[in-house]
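Novice: kindly generate the corresponding structure for this input.
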Amino acid sequence: SGSAQEWPALSAATQDFITGSYLITKKSTFFTKKQFGQLIVYALPKHTGRMTAKPTILRPSVLYTGKTLFSQALNLSVSMEIRTRNFTPGTVFSSVNEGLFVMRDGEILFGRADKRIVGAEEGTIFHYELREGGPSVVVSALDAIARLCSRYLGEAGFSIGLDDVFAKPKLQKLITQAVDGCEIEAASKPAESTIAVLSRAREDAGKHCIQHLSQHNSPVIMQACGSKGSLINVSQMVACVGQQVVGGQRISRDFGDRTLPHFMGDTNASRGFVRSSFCAGLLPTEFFFHAVSGREGLVDTAVKTAETGYMQRRLMKVLEGVYVAYDGTVRRGQQIIQMQFGDDGLDPVLLQKGTLTTDMPSAHYWALKVSNNSGVNIFAENVHPSVVLIYNAIKSIWKSVYNPHTDTIMPDIWELLNGSVGYLLFRHENMHLIELINAYTKDHQMNISVKQLFICKMLFQALKSQIEYGTAVGALAAQSIGEPGTQMTLKTFHLAGTSGASITLGVPRLKEIINASTSISTPLIKISAEPGHFSEIPGRVQPVVIGDLAESVSVNKISAVFRIPEGQVARHKIEKEIKGIGAYKKDGVYYWEAPLEKSVPSEIDKLLKTKVKGVGSISRVITSDSEIIAEGTGLLEILGTEGVNSSETSTNNIYETYKTLGIEAARESIVKEIQYTIGRHGISVDARHIGLLADVMCFTGEVCGMTRFGLQKMGGSSVLTLASFEQTGEHLFTAGYSGYEDMINGVSECIISGQRIPIGTGSFKILFDCEMK
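Specialist: Alright, predicted model coming up:
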């Protein structure tokens, strides 16, 4: 089975099975004929046929490789190339770790099987086989892996002990140098960069651990293949626990200038930097800081459960009635949300990495293999009938759809194919797929026969991947976006680098987006400059107040006197602002008379904060080598500022985007912001789900939040739906008072009244004439 959220197969190898696969497929793993036979019998107890595996080494003794054993046990028929976790560009075939996994017709030619190959990730060998051979073949392969790996590890041995995490003197010296170097660098950096530098100490020390610990070291093997743990875990056990963070900051100084009374002054150790490793043991102060940071994680988890639970309930309530209708459109009741699900009508469960392009190398290899077959019937017996149907149709219309001058396929292939077979084979015209096919065939030399087979295979994959009518895509989207919330944190993070601009991320940011908040906690505008104007824009946008310009402020009885030197800012701008607050100019000095003497201090404070220059409500402008970030709102004014490249300037404030650029820009902004927020936590969700949520929020022409107000704004919701969501009494009273009639069409009201819900097989009705005989 596949996951609707982000493509990986739900059933896959885990932990020891991944470790076993990784060790068996190592270059230096060999088995005698006796060992090979014994292990293959354990892996395939029901196998009755003869084994066709050939030994790799014949002299001085017959030896089989681990790759051969693994290939025989899996018994797959797919072809693929997958980058492993240890892939390094440029050193693919010379690398000890074998970073590229190559399989042809089920035979492993190169690469080691790690989590990327057999684990619960996108595009594994099981995902390929699930699409080619079906679930029964995958189940057999998983059974074989479980039997083989557990038996192999039991005989070869694999354990972990204190010896594995003990750093020898040479390694300890390198770790000390790495940590010392980061501490020295942190001392010369600004405060906001200190956390990043000290956190890097752990990573640098961890890299030394991986390089200098034995290749047979159990923790190193487990983190390399992805069965358990990571570089950070190895580093904390062997080298250095690292910087402890509370609320995105270092440990705060709550005792005046000290964090604890045990420290003399402000040192890295006093601010939560734990230099010790878990193997060596933590000092009492380090243990305390580690506990403080750990408690934050526990509290965060407890609070987050309620926050994300409510958010997911709201998402589900609004999206529950969204389904794929029998005309291919995505509807909410009778309201059309999308003309095609995800703009291509494909089901994320049936795709790898959300696209059909990952199938192209496999389809190309299949086409080459089939075209080499001799005889009238070039297809094997186990080929799906639709493949033969599509192939024959392509051959019959080839002259009409193939342009030999440009070596491309024409877009009208869909219409001609459907006409050729006599019925609607393809529901949607996927023009994007035709562009991808043309691009691939141009980059790879193919004769006409191979090209026809390749196109046939890709069109068949598109046919197989079409989403079923009646699918509850709304509920799937709500689950796919709500569930990652439980893996995200509640706290505010800082943008990477030294910019110093803070941005809300995690659950609070996700809530802001789906609630369609008009004001957000950290509005930012990323400004793109036209060539030659980068250095000028900050000065045009940066706010300037009278307090920035005044040399001094003095009070003469009941008058405030401001001395502003010449040339600081345009005179007419100053005078315009000054007149607006009732001040006057005399002999080059500005005077303002207070109505009451006691109000002078507060009024002077207001005067000093009076803006004389700046754009919108921008509070400050931060520049780095490549970008300009303005904190605050005022997109329209910034777009009109001289030197700003308006086509590439954007804000994270969705409401402001909607007001300035319109509903389509707001829809695009919602998609990008959700993808960025979720992506920062290393979580991936298929773009079709996020796009559907954005479309539901925007299909009325204005941005509606996933709240009770947004639900009412969207319309089409019955009283029972609204009452089952929030404010039950109010909705029922209003409906009863006004005599509202509920048609019982939506999901909630059908469940309440015991009717069949209008989704799946309940999304159509059969008309039957009782009088007919």
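Novice: looking at this structure, which helix or strand does the model trust least?
Specialist: Using mean pLDDT, DSSP states H and E, strand 493-494 stands out as the lowest-scoring helix or strand of the chain, at a mean of 48.
Novice: got phi/psi on residue 628?
Specialist: Main-chain torsions, residue 628, degrees, to the nearest 10: phi -120, psi 130.
Novice: what bridges to it?
Specialist: Residue 628 has these beta-bridge partners by DSSP bridges: residue 527, residue 623.
Novice: part of a helix, is residue 435?
Specialist: Yes: under DSSP: H, G, I helix; E, B strand; the rest coil, residue 435 sits within a helix.
Novice: okay, now it: neighbour count?
Specialist: For residue 435, the count of nearby residues is 13 (other Cβ atoms under 10 Å). No exception for glycine: its C-beta is placed from N, CA and C like everyone else's.
Novice: how about residue 454?
Specialist: For residue 454, using other Cβ under 10 Å, the count is 24.
Novice: can you pull the contacts of it?
Specialist: The contact partners of residue 454, taken as Cβ atoms under 8 Å, 6 or more residues apart in numbering, are 363, 364, 367, 437, 441, 446.
Novice: who are the contact partners of the second one?
Specialist: Residue 364 makes contacts with 440, 444, 446, 450, 454, as judged by Cβ under 8 Å, 6+ apart.
Novice: how does this structure divide up, domain by domain?
Specialist: 16-156, 163-282, 357-464, 544-613 (automatic domain parsing).
Novice: make JSON lines from the ones you listed and add distance to residue 742 and mean pLDDT to it.
Specialist: Converted to JSON lines, these look like this (distance: least, Cβ to Cβ, whole Å; pLDDT from 0 to 100):
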{"stretch": "domain 16-156", "distance to residue 742": "42", "mean pLDDT": "82"}
{"stretch": "domain 163-282", "distance to residue 742": "48", "mean pLDDT": "81"}
{"stretch": "domain 357-464", "distance to residue 742": "34", "mean pLDDT": "76"}
{"stretch": "domain 544-613", "distance to residue 742": "54", "mean pLDDT": "63"}
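Novice: so which of those is nearest residue 349?
Specialist: domain 16-156 (9.8 Å; Cβ to Cβ).
Novice: run the chain-centre distance for the closest one.
Specialist: Offset of domain 16-156 from its chain centre (Cα atoms, centre = their mean, to the nearest Å): 30 Å.
Novice: what's the end-to-end length of it?
Specialist: 13 Å (Cα to Cα, to the nearest Å).
Novice: just stretch 161-176 next, same as before
Specialist: Stretch 161-176 has its terminal residues 23 Å apart, counting by Cα to Cα.
Novice: and that stretch, what's buried?
Specialist: 164, 165, 167, 171, 172, 174, 175 (16 or more other Cβ atoms under 10 Å).
Novice: kindly report the same for stretch 709-717.
Specialist: Across stretch 709-717, burial judged by 16+ other Cβ under 10 Å covers 710, 711, 714, 717.
Novice: same check, this time on stretch 409-423
Specialist: Buried residues in stretch 409-423 (16+ other Cβ under 10 Å): 409, 413, 414, 416, 417, 418, 420.
Novice: give me every residue that touches residue 178.
Specialist: 201, 204, 205, 208, 239.
Novice: now render those residues as JSON lines, adding secondary structure, neighbour count and distance to residue 639.
Specialist: Shown next, in JSON lines, are those (DSSP: H, G, I helix; E, B strand; the rest coil; neighbours: other Cβ atoms under 10 Å; distance: Cβ to Cβ, whole Å):
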{"residue": "201", "secondary structure": "helix", "neighbour count": "26", "distance to residue 639": "43"}
{"residue": "204", "secondary structure": "helix", "neighbour count": "18", "distance to residue 639": "43"}
{"residue": "205", "secondary structure": "helix", "neighbour count": "28", "distance to residue 639": "47"}
{"residue": "208", "secondary structure": "helix", "neighbour count": "21", "distance to residue 639": "49"}
{"residue": "239", "secondary structure": "coil", "neighbour count": "32", "distance to residue 639": "50"}
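Novice: export those as TSV, with columns for distance to residue 523.
Specialist: As requested, the contacts of residue 178 are exported to TSV (distance: Cβ to Cβ, whole Å):
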residue	distance to residue 523
201	34
204	36
205	39
208	42
239	41
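Novice: which pair in those spans the largest distance?
Specialist: 201 and 208, at 11.1 Å, using Cβ to Cβ across these.
Novice: give me the nearest residue to residue 732, chain neighbours excluded.
Specialist: Distance criterion Cβ to Cβ, 6 or more residues apart in numbering; nearest residue to residue 732, sequence neighbours excluded, is residue 723 at 5.3 Å.
Novice: in what helix or strand does that neighbour lie?
Specialist: Using DSSP states H and E, residue 723 sits in helix 719-725.
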